[in-house]
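Asker: Structure for the following, please:
(2 chains)
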Amino acid sequence: DTGVSQNPRHKITKRGQNVTFRCDPISEHNRLYWYRQTLGQGPEFLTYFQNEAQLEKSRLLSDRFSAERPKGSFSTLEIQRTEQGDSAMYLCASSLTSADEQFFGPGTRLTVL
Amino acid sequence: QKEVEQNSGPLSVPEGAIASLNCTYSDRGSQSFFWYRQYSGKSPELIMSIYSNGDKEDGRFTAQLNKASQYVSLLIRDSQPSDSATYLCAVNGIQGAQKLVFGQGTRLTINP
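Answerer: Below you'll find the model as predicted:
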């Protein structure tokens, strides 16, 4: 399967713990995006990369959140000192160029207790 | 005003009928437009993209774009129970930003 993959699919953690998610984009896609989705809402943009450069971060991305794409391939999203409000589905998407279609991975569902 | 607006529904349509989903957006300069289908508990799946005014057809799906009215729609012909899902409208290029801005989605139910 050459689609976008994400790991883990589910993560349950206690408040205050750190968590890290991984996204592997479609192999030839230069652009990689992170979104967050809560129940009943559409996905909200968090950040995106072109190759290894992080080009934009949303105001939603507090200083507890950090994302990397070290070699322009896979990306990681880390949340430090998790809070209950961080509970959501974290979605990764990739595209060939900025205007192109974005394809989503299966998501990582985070539950903070 | 929200950047991308959709009626949250629920929208109920009998099997075999045409389902019509609508979306408006705030920025006339927006560049590209997408419809995603999302089943409960799953991630969004791209079903249509449209970049220029007019209609674009793909099987039972037709996307319509009217940039002057800042309006995008999705028609689903011969609706099937398997079409029951939330449909998300997404717009790229709002205020020049290179990211998707989503509406809150319309929940569609096809009744057998």
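
Asker: residue in chain B nearest to chain A?
Answerer: In chain B, the residue that lies nearest chain A is B:Phe102 (3.1 Å; CB to the nearest CB). To be clear about C-beta, it is placed using only N, CA and C from the backbone, and glycine gets the same treatment.

Asker: Quick check on the closest residue to that residue other than its chain neighbours: phi, psi?
Answerer: Leaving aside its sequence neighbours, B:Phe102 sits nearest to A:Gly42 (CB to CB, 6 or more residues apart in numbering or on different chains; 3.1 Å). The phi and psi values for A:Gly42, taken as degrees, to the nearest 10, are phi -80, psi 160.

Asker: Let me know whether the residue of chain B closest to chain A touches A:Glu44 as I believe.
Answerer: Yes. Taking CB atoms under 8 Å as the definition, B:Phe102 is a contact partner of A:Glu44 at 7.5 Å.

Asker: Tell me which of those two has more neighbours.
Answerer: Neighbour count, other CB atoms under 10 Å in any protein chain shown: between B:Phe102 and A:Glu44, B:Phe102 has more, with 23 against 18.

Asker: how about that one, what does it touch?
Answerer: If you count contacts by CB atoms under 8 Å, 6 or more residues apart in numbering or on different chains, B:Phe102 has them with A:Gly42, A:Pro43, A:Glu44, B:Val4, B:Tyr36, B:Leu88, B:Cys89, B:Ala90.

Asker: where's the fifth one, which helix or strand?
Answerer: In this case it means B:Tyr36. Assigned by DSSP states H and E, B:Tyr36 belongs to strand B:32-38.

Asker: ok, is that strand in contact with chain A or not?
Answerer: Yes. Counting by CB under 8 Å from any CB of the partner chain, chain A has neighbours in strand B:32-38: B:Ser32, B:Phe34, B:Tyr36.
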